[in-house]
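Engineer: model this:
(chains A and B)
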Number of protein chains: 2
Amino acid sequence: MTEISEQLLAGDRRILSRVISQLERGAPEAAQVLKAIDHHTGGAYTVGITGPPGAGKSTMVDRLTQLLRQEGLKVGIIGVDPTSPFTGGAILGDRIRMQRHYLDDGVFIRSVATRGHTGGVPRIVKGMVRLLDAWGTDVVLVETVGVGQSELGIMEVADTVLVTMMPESGDAIQTLKAGIMEIADIYVVNKSDRDGADQMAAAIRANLGLDSSHRDWDPPILKTQALSGEGMEALWSKVQEHRDYLASSAKLVELRAQRRKQEFLEAVEEEVGRRLKALVEGDPTLIAMLEKVAGKEAEPFSSAIDFLAKFNGPTGLLGSLFTKED
Amino acid sequence: MTEISEQLLAGDRRILSRVISQLERGAPEAAQVLKAIDHHTGGAYTVGITGPPGAGKSTMVDRLTQLLRQEGLKVGIIGVDPTSPFTGGAILGDRIRMQRHYLDDGVFIRSVATRGHTGGVPRIVKGMVRLLDAWGTDVVLVETVGVGQSELGIMEVADTVLVTMMPESGDAIQTLKAGIMEIADIYVVNKSDRDGADQMAAAIRANLGLDSSHRDWDPPILKTQALSGEGMEALWSKVQEHRDYLASSAKLVELRAQRRKQEFLEAVEEEVGRRLKALVEGDPTLIAMLEKVAGKEAEPFSSAIDFLAKFNGPTGLLGSLFTKED
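Structural biologist: The predicted structure is shown next:
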């Protein structure tokens, strides 16, 4: 156990912040801390909040945080933001509302950008959750933006997934179609004071009805007005009910074990990709090959296959992908 | 030049369909065809159509196809669909309208699912565009669904990117924020007979105004009603104008060269991932390691780093990732 790990487990906020930054950079120190604290994790419960833009997800996170703080619970908030391909930075958007929680010692907030064009939830969020867990967090709220494929990754991070919709969303049916609905443990029709809240709930119900036979947990549909706070306590009760369901059926253990495997495999793939990129910048053979591909002297896909076959073994170019870096 | 490649270049529709399926499966035959036809490509122009759900993208593709067919041009249509994590299949949704084009010999339509949780535009779409090109396609239309990060990949496929919005979209501002707007070569306010079309155009204009100094091409904002066909000819003229701009400034050559490099690198990464997954299913050492990770005997991230360092070289486990498969 390193000093840093001990400080983290003792609840040192600055240390938490520093290790998360190391994790984001892919620094080896972060891997060491994650290893040291691993046995001290598992206490934090992770709730994912997703849904189309404008559904009020940030307000919901804000209200849930308030509620949890009133119960004396320590809260971690991870906002997964789309990244502009040009600016490279995370867009905080509606999170300005969250600022009051920044002053609260019992709340830790961090934004993570979805890098590249992969969308989804970055792998490092899983490590962040464990670091928050070690720090003493009771509940981690993970908010993701988007419709379509990009937020399916929330299933691989959150124990309970809330899918938030709003009544007048003309996109509702499209969202239903897109399969995002299937990931919900709890549906939330937010802004339920607006017209069409009941129709929305009915549409969700109808969609659910199609194929519920295989489910042990029947996802409830709740109506909330996060802005005024209405329905938020009922929502939190439902989350606890779902948690109890997972815990009693041993599904929580199973779910988390599966996720750990997934994270290992993702980390291997990502690391291979990262080392490949480093190679590209430094290796003259690969640079020459890329120029041939660019100049139509070589075709991209078949060249990739040839490349993998050719540069093989520890003395070859790709052997260096798998030697430890300093 | 193989017989298959010759048949493809001669415009054989069944061969095109077969090779695309091989590409989707990752079959080595597809790589050989891509290699053989590479020098015969470059004639097709690729237009990407993206924007939030409900903006009328499919109707727009339908109308553009009609217009291009009237000019006697051969059209390829690639629909990139989100995939349900449960069904695994592509959702055709609004593409039913497209069915009349299925009977037209000068049109080739294909849906591609975004697999896994990566979202975005699958790498194979780039190969599909070249196969369509070799088949004699004049214009390839690529439609992607989603907001947020998932459609940024369209930039890596399309020569001209259309971002389609609709007037009353409450999500407009969120979309502007999310950076998707920055990828547009042409903005389209579709369903412009509805209230708020001018406000929408003004909002886009205001957003653009923030940072236009670095641009040679100032993205125009067009209003259309794809359903009635209004504004579609003007839209197509604008696409041609953008194409001429790219061609005259040598940007088109540059853009496509960059994309080929990118595709090569993506193919290498994907292939490594694919081979890793195959290993996971068959190798007892790796299976044992995964079980340790799942059972909290080993931490996922640090184990991945150790794994890469340990199983090295041609005799090691990962050496086999880089030997040619049969």
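Engineer: neighbouring contacts of stretch A:124-133?
Structural biologist: A:8, A:16, A:19-20, A:23-24, A:30, A:33-34, A:37-38, A:40-44, A:46, A:76, A:78, A:80, A:108, A:110, A:112, A:140, A:142, A:156-157, A:259, A:263, B:300-301 (CB atoms under 8 Å, 6 or more residues apart in numbering or on different chains). Any C-beta I mention is one placed from the backbone N, CA and C, and that applies to glycine too.
Engineer: now it: mean pLDDT?
Structural biologist: Per-region confidence: stretch A:124-133 scores 96 on mean pLDDT.
Engineer: before we move on, the earlier item: got a PyMOL select line for the buried ones in the contacts of stretch A:124-133?
Structural biologist: Selection command for PyMOL covering only the buried members of the contacts of stretch A:124-133, criterion 16 or more other CB atoms under 10 Å in any protein chain shown:
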select buried, (chain A and resi 8+16+19+20+23+24+30+33+34+37+38+40+41+44+46+76+78+80+108+110+112+140+142+156+157+259+263) or (chain B and resi 300+301)
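Engineer: just the contacts of stretch A:124-133: which are in helices?
Structural biologist: Of the contacts of stretch A:124-133, the ones assigned to helices by DSSP state H are A:8, A:16, A:19-20, A:23-24, A:30, A:33-34, A:37, A:259, A:263, B:300-301.
Engineer: can you lay out those residues as a markdown table showing pLDDT and distance to A:V253?
Structural biologist: Formatted as a markdown table, the ones in helices among the contacts of stretch A:124-133 follow (pLDDT from 0 to 100; distance: CB to CB, whole Å):
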| residue | pLDDT | distance to A:V253 |
| --- | --- | --- |
| A:L8 | 97 | 24 |
| A:L16 | 97 | 26 |
| A:V19 | 96 | 26 |
| A:I20 | 95 | 26 |
| A:L23 | 92 | 25 |
| A:E24 | 88 | 29 |
| A:A30 | 93 | 25 |
| A:V33 | 96 | 24 |
| A:L34 | 96 | 20 |
| A:I37 | 96 | 19 |
| A:R259 | 91 | 11 |
| A:E263 | 90 | 16 |
| B:P300 | 93 | 16 |
| B:F301 | 90 | 20 |
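Engineer: among these, which one lies nearest to A:S58?
Structural biologist: Comparing these against A:S58 with CB to CB places A:I20 closest, at 20.3 Å.
Engineer: for that closest one, what are its contacts?
Structural biologist: Going by CB under 8 Å, 6+ apart, A:I20 touches A:110, A:128, A:131.
Engineer: ok, A:V75 to A:L68 distance?
Structural biologist: Distance, A:V75 to A:L68, by CB to CB, to the nearest Å: 5 Å.
Engineer: out of those two, which sits in the busier spot?
Structural biologist: The neighbour comparison of A:V75 against A:L68 (other CB atoms under 10 Å in any protein chain shown) goes to A:V75, with 25 against 19.
Engineer: quick check: the most centrally placed residue in chain A vs A:G231, distance?
Structural biologist: In chain A, the centroid-proximal residue (CA atoms, centre = their mean) is A:V121; its distance is 3.9 Å. Note on A:V121: its distance to A:G231, by CB to CB, is 26 Å.
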